[in-house]
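S.K.: Sharing a model that was predicted from the sequence below.
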Amino acid sequence: PLWVFVQLSGNRERRMVPTAAQVQLQVYAALAYGAQGIMYWALAPSHAGPGYAPALLDERGGPTDRYDAIAALNAEVHALGPTLLQLDPVEVGFSAPGNQVGIEHDLFTSIDRTDALVVGEARSDPACMVSHFRGSADGADYLLVVNRDLRRKPTFRLRLGAQADSVQL
């Protein structure tokens with residue numbers, strides 16, 4: 001199984017502290033690729049060396065400004081967990097590169113994507129990422145739609161390669 005570490009502790013020297021939105025994107029992108037374990041790289045306040053920024057707890061042991069957002073994200077992931085753990089990843093598709101390189105073959109418009117369940121998004125929004133899973137017990141198709149935009153919260157309209165007999169949210 002794929003397990004992924006998501007960085008929570010920042011680097012003060014580089015002025016890089018992951019925002020709650022960046023952490024959320026890291027987690028959902030990992031889930032989209034079939035990660036079955038999400039772990040966080042976080043330094044405890046008492047062990048934070050020079051140059052590192054606090055993750056969830058500050059130097060005094062109190063919650064940072066990201067604590068509540070990460071707790072809410074964990075609750076979302078735990079709610080999805082029982083379903084996701086029963087699924088096998090099939091493929092991941094994107095509407096547009098969105099400043100990402102190396103995913104040309106994974107774009108909905110790629111000729112390399114034959115027999116894809118999802119063939120597009122109505123507006124070709126570059127924030128749209130869709131993972132196709134298949135139930136290991138029942139063979140049913142499942143989709144996980146991920147918003148890659150760190151600021152907007154768009155609604156995506158997916159185009160399927162075949163008519164669905166039912167849709168459940």
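M.R.: Noted; the coordinates are in hand.

S.K.: Show me where this structure dips below the pLDDT cut-off.
M.R.: Applying pLDDT under 70 to the chain flags residues 12, 14, 43-50.

S.K.: Which other helices and strands does whichever helix in it runs longest contact?
M.R.: Of all the elements of type helix in the chain, the one with the most residues (DSSP state H) is helix 67-84. Counting contacts by 3 or more CB pairs under 8 Å, 6 or more residues apart in numbering; DSSP states H and E, helix 67-84 packs against helix 20-32. Using the backbone N, CA and C atoms, a C-beta is placed for each residue, glycine as well.

S.K.: at 10 Å what do you get?
M.R.: Other elements packing on helix 67-84 under the criterion 3 or more CB pairs under 10 Å, 6 or more residues apart in numbering; DSSP states H and E are helix 20-32, strand 37-41, strand 128-135, strand 141-147.

S.K.: Next up, the contacts around the nearest residue to Gln26 once chain neighbours are set aside.
M.R.: Distance criterion CB to CB, 6 or more residues apart in numbering; nearest residue to Gln26, sequence neighbours excluded, is Val6 at 4.6 Å. Shown in contact with Val6 (CB atoms under 10 Å, 6 or more residues apart in numbering): 18, 22-27, 29-30, 35, 38-42, 70, 73.
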